[in-house]
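1. no letters, just coordinates:
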């Protein structure tokens, strides 16, 4: 799975993207966030407060219960501030 | 008094403006309209339906009970359609 | 500022002049009204806008001042044309600018609704059915009524 | 049409291209968002807009299509910039055109509200207090919520 990070989630994690191999028990966005938080203190810190984490799966907004697989591109970012 | 006519009130009356000397019993916009309707059939026709006559006294919208005198400039016109 | 003129205006140039070096503007809303080639089901070949010189400028300045007082605007501009206009030509320009978009949008709609119902302009159009004076729309009165305040009559 | 670009845009030229020879347009509404030199009480020296290439274009096109479906628009255009921007520079342009003004105003506000709350852009600003990511405003969420439909989630 390709994971993209934007804005302060990117700067806190220190990566703009990474490619990961998901373990078999990660099947939803919620599982993915739990799993990512275990990858290290920076991931844990950046993703700590789920209320300010927005998720897109294959360039579409997704909810916590949306399914994910290794073939997907997932993006994690804070609430947007464009316009 | 200088009276200006605009749009179809102008074309019905056949005048864009006229200068008149008011008789002493004309003291409000309403009196003025009554008096003008007696000046001829074109005036009577153009000013027949008061619901579609708008009045300005000295370039400000005025109601039927507003006072008028010979020193004023009065304009009579249909509802506006600009913008 | 307000202007009543026969000649066309350049929207891009008006916006540039308008913004100038003011860096406190976050939102700029522009309304342009154009002559349509159809009105009330008939083709329109040409239009002439009559106005009341003097009162027009006075009323536009009054309403612009009211908008500036009701909303926290950086600036506002009204340009309204008169005379003969062909379909596709611009009739009116309203620009409002503010730090935030809500004021800029609201003040712009207020000014346009007001222009449609109070500014002394009258449209006369030529159609295949003959020439005619355009009738006022009750929907325009309803739109303008949204902005009424207790402190204001009419 | 939608465009996501680093370079500036010319509002006058965009409007001219946009209207073209369409004489059915009676009302054209333009929104321009600009970088302010103050935000949340601090001077802003410079701003950088980060975006998610790919998703940004896709989302802008989706919402533009939704506006075209919800209002009887002749046309609509969204241009959004990214990269480094100084105070006074233009960030975003939204143009909507319709036969009548109500649709043009409503669709424009809908698109701007949506852009503020759903388009994947993030502002990073430099102030005397240091650099910071701009926080989302709950007032923007409230504005966007006005347009929610039962048939649509989020």
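-> That came through fine. Computed from a prediction, not measured in an experiment: that's the story for all the values here. Numbers count the residues shown, from 1 in each chain, chains lettered A, B, ... in the order given.
2. gap between residue A:75 and chain B?
-> Here the criterion is CB to the nearest CB, to the nearest Å. By it, residue A:75 lies 45 Å from chain B. Every C-beta, even on glycine, is put in place using the N, C-alpha and C of the backbone.
3. then residue C:50?
-> Counting by CB to the nearest CB, the separation of residue C:50 from chain B is 6 Å.
4. now the strands for the chain?
-> All of this refers to chain A. A:2-5, A:17-19, A:54-57, A:60-61, A:73-77 (DSSP state E).
5. hm, I was asking about chain C
-> Taking DSSP E, the strands of chain C run over residues C:2-5, C:27-34, C:38-39, C:42-43, C:46-51, C:73-81, C:83-85, C:90-98, C:121-127, C:130-133.
6. can you give me the neighbour number for the nearest residue to residue C:141 once chain neighbours are set aside?
-> Closest residue to residue C:141 apart from its sequence neighbours, by CB to CB, 6 or more residues apart in numbering or on different chains: residue C:117 at 5.8 Å. Neighbour count of residue C:117, defined by other CB atoms under 10 Å in any protein chain shown: 21.
7. would you mind measuring from residue C:117 to residue D:87?
-> Between residue C:117 and residue D:87 the distance is 38 Å, computed by CB to CB, to the nearest Å.
8. check contacts around the residue in chain A that chain D sits nearest to.
-> Residue nearest to chain D within chain A: residue A:82 (2.6 Å; CB to the nearest CB). Residue A:82 makes contact with D:49, D:51, D:80, D:91, D:92, D:115, D:116, D:119, D:120, D:121, D:122, D:123 under the criterion CB atoms under 8 Å, 6 or more residues apart in numbering or on different chains.
9. now render those residues as CSV, adding pLDDT and distance to residue A:74.
-> Putting the contacts of residue A:82 into CSV (pLDDT from 0 to 100; distance: CB to CB, whole Å) gives the following:
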residue, pLDDT, distance to residue A:74
D:49, 98, 22
D:51, 98, 17
D:80, 98, 23
D:91, 97, 27
D:92, 98, 27
D:115, 94, 23
D:116, 93, 24
D:119, 96, 18
D:120, 98, 13
D:121, 98, 19
D:122, 98, 17
D:123, 97, 23
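10. so which of the residues you listed reach chain A?
-> Residues of the contacts of residue A:82 in contact with chain A (CB under 8 Å from any CB of the partner chain): D:49, D:51, D:80, D:91, D:92, D:115, D:116, D:119, D:120, D:121, D:122, D:123.
11. out of those, flag the one nearest to residue D:70.
-> The closest of those to residue D:70 turns out to be residue D:115 (CB to CB; 15.7 Å).
12. look up how far residue D:133 lies from the residue of chain A closest to chain D.
-> Distance of residue A:82 to residue D:133, given as CB to CB: 12 Å.
13. between these two, what contacts are shared?
-> Common neighbours of residue A:82 and residue D:133 (CB under 8 Å, 6+ apart) are D:122, D:123.
14. so stretch C:99-109, near chain B or not?
-> No: Stretch C:99-109 stays clear of chain B (CB under 8 Å from any CB), getting no nearer than 11.6 Å.
15. now do the same contact list for the residue of chain C found nearest chain A.
-> Residue nearest to chain A within chain C: residue C:101 (8.4 Å; CB to the nearest CB). Each residue near residue C:101 by CB under 8 Å, 6+ apart is listed here: C:26, C:27, C:29, D:31, D:33, D:112.
16. and it, what pLDDT?
-> On pLDDT, residue C:101 comes in at 96.
17. the contacts of residue C:101: which ones sit near chain A?
-> Answer for the contacts of residue C:101 near chain A (CB under 8 Å from any CB): D:33, D:112.
18. mind checking which of the contacts of residue C:101 are buried?
-> Taking 16 or more other CB atoms under 10 Å in any protein chain shown as the criterion, what is buried in the contacts of residue C:101 is C:26, C:27, C:29, D:31, D:33, D:112.
19. so who does the first one touch?
-> The neighbourhood of residue C:26, defined by CB under 8 Å, 6+ apart, consists of C:98, C:99, C:100, C:101, D:33, D:34, D:36.
20. neighbours of the second one, just the number please.
-> Same thing as residue C:99. Neighbourhood size, residue C:99 [other CB under 10 Å]: 17.
21. grab the nearest non-local neighbour of it.
-> Nearest in space to residue C:99, with sequence neighbours left out and distances taken as CB to CB, 6+ apart, is residue C:26 at 4.8 Å.
22. swap in the first one?
-> With CB to CB, 6+ apart as the criterion, residue C:98 has its nearest non-adjacent residue at 4.3 Å, and that residue is residue C:104.
23. surely that neighbour is in contact with residue C:110?
-> No: under the criterion of CB atoms under 8 Å, residue C:104 is not in contact with residue C:110, lying 11.0 Å apart.
24. name the residues contacting each of these two.
-> Joint contacts of residue C:104 and residue C:110 (CB under 8 Å, 6+ apart) are residue C:71.
25. neighbour-wise, which of those two wins?
-> Taking other CB under 10 Å, residue C:104 and residue C:110 do not tie; residue C:104 has more neighbours (28 against 21).
26. for that one, what are its contacts?
-> Counting by CB under 8 Å, 6+ apart, residue C:104 has contacts C:27, C:28, C:29, C:71, C:73, C:96, C:97, C:98, D:31.
27. how much space between the fourth one and residue D:102?
-> Applying CB to CB, the value for residue C:71 to residue D:102 is 20 Å.
28. next: the last one.
-> From residue D:31 across to residue D:102, the span is 16 Å (CB to CB).
29. start and end of stretch C:45-64, how far apart?
-> One end of stretch C:45-64 sits 32 Å from the other (CA to CA, to the nearest Å).
30. ok, and for that stretch, which residues are buried?
-> Using 16+ other CB under 10 Å as the test for burial, stretch C:45-64 gives C:47, C:49-52, C:54-60, C:63-64.
31. pLDDT score for the residue of chain C found nearest chain D?
-> Residue nearest to chain D within chain C (CB to the nearest CB): residue C:12, separated by 1.8 Å. At residue C:12, the model reports a pLDDT of 94.
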